[in-house]
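Undergrad: sequence first, predicted model second:
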Amino acid sequence: MACISYYHNCSKEYVCSLSPEVHEDVIWALSHLLPRQTQAEINRDLWWLLTAKGWCYDAVPPHSTAQAPAELPIPGTRRDEVAQRNDRSLCNTTTTIAANWRADFARLTQGKLVQIEVQFGKVESMFKDFCGFAIAWHEKRLSLGVEVVMHEPARHFPTRKRTISGMAYFEVARKTLPAIGLTCPIWLVGIT
């Protein structure tokens, strides 16, 4: 799948300055997603692709197998090996507020925390993701939040018009970010 980007309070150069691998890993993982019938399958594939690149995660997707699907370009990657190196604490949105919020993926790179949220849910959930980034930024823990959404959900899931109603998508996120006054750097990525 292809991607489009919008950088809020940052730039591609800023993302790469944290670590070139951050930008490369996200684009690589999203570009290797296969066309799937369900969001759950896309979530599962993305989990495999990002964890194979060393990203930590909050939770294993439902129906995940013990080994990466053969059609993904990560042969031999095993779930138990991924679990052994996982540091779930990196996904914590806050360390000071008694909230049980976590990002989907995170990585500490060159001492800088980057968190990824994959939002195939409602627009309201996307705002929660943005709030999580803002809290972690306020706590001076987060260097970059990455929000992944569909570019045009109706085009990707043409037979599911009712279930995608109100789903977060690239244009609503791009127009919302400047309007809500967040100061934290957010890299918005739309899957096309």
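TA: Looks like it came in fine.

Undergrad: name the residues of the longest helix along the chain that are buried.
TA: In the chain, with assignment by DSSP state H, the single longest helix is helix 123-138. For helix 123-138, a neighbour-count test (16 or more other CB atoms under 10 Å) marks 126, 129-130, 132-137 as buried. (Glycine included, C-beta is placed from N, CA and C.)

Undergrad: want to throw those residues into TSV with distance to I4 and pLDDT?
TA: As requested, the buried residues of helix 123-138 are exported to TSV (distance: CB to CB, whole Å; pLDDT from 0 to 100):
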residue	distance to I4	pLDDT
M126	16	93
D129	18	96
F130	18	96
G132	23	96
F133	19	97
A134	23	97
I135	27	96
A136	25	97
W137	24	97
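
Undergrad: so which of those residues is the closest to P178?
TA: F130 (11.9 Å; CB to CB).

Undergrad: wait, that closest one sits on G181?
TA: No: the pair F130 / G181 is not scored as a contact, 10.6 Å apart, by CB atoms under 8 Å.

Undergrad: quick one, strands of the protein?
TA: Secondary structure of the chain (DSSP state E): strands at 3-8, 56-57, 105-109, 112-118, 142-150, 186-191.

Undergrad: how about residues contacting the fourth one?
TA: Which is strand 112-118. 18-19, 22, 26, 43, 46, 50, 55, 90-91, 93, 103-108, 129, 132-133, 136, 141-148 (CB atoms under 8 Å, 6 or more residues apart in numbering).

Undergrad: cool, the longest one as well?
TA: The contact list for strand 142-150, computed with CB under 8 Å, 6+ apart, reads 10, 14-15, 18, 22, 26, 30, 46, 103, 112-120, 126, 129-130, 132-133, 136-137, 156, 167-170, 173, 184-191.

Undergrad: and for the shortest one?
TA: With contacts defined as CB under 8 Å, 6+ apart, strand 56-57 is touched by 47, 50-51, 82, 85-88, 90-91, 104-107.

Undergrad: so the longest helix of the chain versus strand 186-191, what angle?
TA: Comparing the axes of helix 123-138 and strand 186-191 via axes from the mean of the first three to the mean of the last three CA atoms, to 10 degrees yields an angle of 150 degrees.
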